[in-house]
Structure formats: C-alpha cells, structure tokens
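everything below, folded, please.
(one chain, ligands or ions: 1)
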Amino acid sequence: MRLVARLLAAWAMVSASTPVEAYLKLGASIDGRVVDVTWRAPVRYFVSDADADGGVSASDLRGAVSRASATWQAVSSATVRLEFLGMTAAVPGMVDGRTTLGFQDRPELDRVLAATSFLIDTTDGAIVEADVFFNSRFKWSVAAAGTPGRVDLESVALHELGHLLGLSHSALGETELTGSGGRRVIASGAVMFPIAMAPGTIADRVLQADDRAGISDLYPATGQLTSTGGITGRVTKNGQGLLGAHVVALNPETGAMVANFALNAKGEFAIVRLEPGPYILRVEPLDDAEVESFFSTAIDVDFRVAYASRMVVAPRGGASAPIEIKVVPK
Ligand SMILES: [Zn+2]
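Numbering: from 1, shown residues only. This next block holds a predicted model:
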C-alpha cells in the first residue's frame, strides 16, 4: 500500500502569507492515527545532470544542495543523515526508486520556484523516495554573496530539503502587500516560511529556532527527550476545541520563538524540543495567509489574538501540565 503525496511549494514572488508563526510536520493518516512522515534510513540522493537556463549548472546545484545538506546535518539536537550518491540522467518527479534533485523547465508553474514530491509507505509513514525540482525558468544565483535580482539556490535548497526530510511550512514570518499586488517579506522567523526567498538575499541559508525545533522533533538526537521540554494544552472558543489555531511559544530570556498548530478538533496542541524554561504563549489565527499552503482541511480563523493568562514552564525532560487558552470570535 503505497501512495505518492505531492507537496507543491508555492512561494513565488506573488503569493501570500502573514504575521503568524510555526513549524508543521508532514503527517500521514494511517488507520485514523496521524504518524510522522520521516526517513527511516539515511537519505541517499542523486543530482540530475540538467543545467538551468542562465548559466547555473547541474554542478552548481550539486554544490548548493551539498551546503544545504550540511546545514541540516549540523543541527546538534537532531540526527539528520544525507548522502550524495552521484549525478544522474534521471529527472525529478519520476517514481524510479531514486531520490533525485534537479533543474526542470516548468513554464506552467511560473510562480513555483521549486517543489518536493514523495513516495510514502502508507503503512508506517516512512518516506521511500523524494524528488525535488528547481524551476529552471527562474534566475538563480550561486554567488557567495548573492546576486541582485536572482534567487539564491542554496536558500531554496535548504527549504526544499526541509520538506524532503518531512517538514511542512512554518507560519513564522510577516509580509506586506506591494503596489503591484504581490507580497514582500518583511521578516521571516524560519527557513520553512513559505515565501521567504526574495531575490538577492542569502539570509535563508541559516536555520532558525523554529526550523531546528521542527527537525529535532522529527529526528531527535540521543538525549533530546531528557534535555528539552514541552508545552501542551488546548485552544477553545465558546467551550469548543479550535482546529488550526496557531500557538507561539516565546522564551522571554532568549527571544527564541517556536510554534505549532492545534491539530485536532479538541484544539489540542504540543510544542516540543524546547529549551527548558518559562514561555509566553500567544494564540493567533492563520488569517489572510494562503491557508491551503499549510492545511488541506478547513480551519477556524475567526478569532482574536489571545495570550495564555500566565507564563508556562517547559520542564526539562517532560511536558507542562496542559493549559487551556480561551479565544473569542472577531
Ligand atoms: Zn515550501
């Protein structure tokens, strides 16, 4: 029993998202349970030997992917293993048993920089194969300091490798409308923020707290369970659980911000792999973002931002007693 799940990363120049925050894992629903979609063995990948238009070669892509792989593997609280096997004439997007990353000319996807597709074993959520295409229609850059007007390939590779490893989008970022009707990123709190890749910048070659928490949740390093803490609770509106509420935990001492969503009808949430300590909790709707970039089901966005009535401590090696955060309709 296997299926191919497709995740189209639609962060083009003109797509949208808003001031909210969080990492989200890809999840597969198996017999009514949601299980993590993860690799159960080291990721062994190939790079397609096709060059992009505009002077960026397959070998440049190999270098960018290699640097992005090293960045994920350097997260000390996680165990991520990626291994380059070689160049290939195979193209991404084919179910051929090979995890392949490569340039592809996709004129019909003129707002999509890159996207990751998966072959998942639906009996246990194991990723069997994943492919990433980088749209050769875009102007790419592999210059060390970036290139004005061109999108940094390493930054996009870092984001796509996050998907390939099992992460979905983070809502940690802020955008504003531009005169032309597009959106410009003002601030991004995560590489996994959907539209953080503005041309010319190389800021997203670096992972942030939310990205590190997400990957550590999927692939915890030995000892992580005993050295970190979690916060659990539920979000309610009019006494009912609220699905899709975005819950942000802010450590006032370090400024680290990690978030998650209430992912079931009871409004329950869990934010794990946190540095032990006190946190301020804020709940906010995923409003005027492209909700479908985060959720495939309808979620409730009709409520006002709210804060937990007290600070909540993430205890070392455990989780907080569940806290209820009540919100009111807009
Ligand atoms: Zn994405």
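
got the residue ranges for the helices in the chain?
58-73, 153-165, 209-218, 224-227 (DSSP state H).

which stretch among the ones you listed comes nearest residue 131?
With C-beta to C-beta, the closest approach to residue 131 among the helices of the chain belongs to helix 153-165: 8.6 Å. Just so you know, the C-beta spots here come from the backbone N, C-alpha and C atoms, and that holds for glycine as well.

please state the offset of the closest one from the chain centre?
Centroid displacement of helix 153-165 relative to its chain, using C-alpha atoms, centre = their mean, to the nearest Å, is 9 Å.

now the helices of the chain in CSV, please, with extra columns for mean neighbour count, mean pLDDT and distance to residue 49.
CSV is the format used below for the helices of the chain (neighbours: other C-beta atoms under 10 Å; pLDDT from 0 to 100; distance: least, C-beta to C-beta, whole Å):
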stretch, mean neighbour count, mean pLDDT, distance to residue 49
helix 58-73, 19, 98, 5
helix 153-165, 25, 94, 16
helix 209-218, 26, 88, 29
helix 224-227, 14, 78, 38
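
want to throw the ones you listed into CSV with distance to residue 237?
Formatted as CSV, those follow (distance: least, C-beta to C-beta, whole Å):
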stretch, distance to residue 237
helix 58-73, 37
helix 153-165, 31
helix 209-218, 25
helix 224-227, 32
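
which of those sits closest to residue 256?
Nearest of these (C-beta to C-beta): helix 209-218, 4.3 Å.

what residues does the closest one touch?
Contact with helix 209-218 is made by 21-25, 36, 38, 72, 75, 77-78, 80, 162, 165-167, 170, 172, 189-192, 207, 224, 228, 256-259, 271-274, as judged by C-beta atoms under 8 Å, 6 or more residues apart in numbering.

among these, name the ones in strands.
Of these, the ones assigned to strands by DSSP state E are 36, 257, 258, 259, 271, 272, 273, 274.

and of the helices of the chain, who's closest to residue 199?
helix 153-165 (10.5 Å).

which strands and helices sit next to that closest one?
Judged by 3 or more C-beta pairs under 8 Å, 6 or more residues apart in numbering; DSSP states H and E, helix 153-165 is in contact with helix 58-73, strand 99-104, strand 114-121, strand 126-135, helix 209-218.

kind regards, and thank you for your time.
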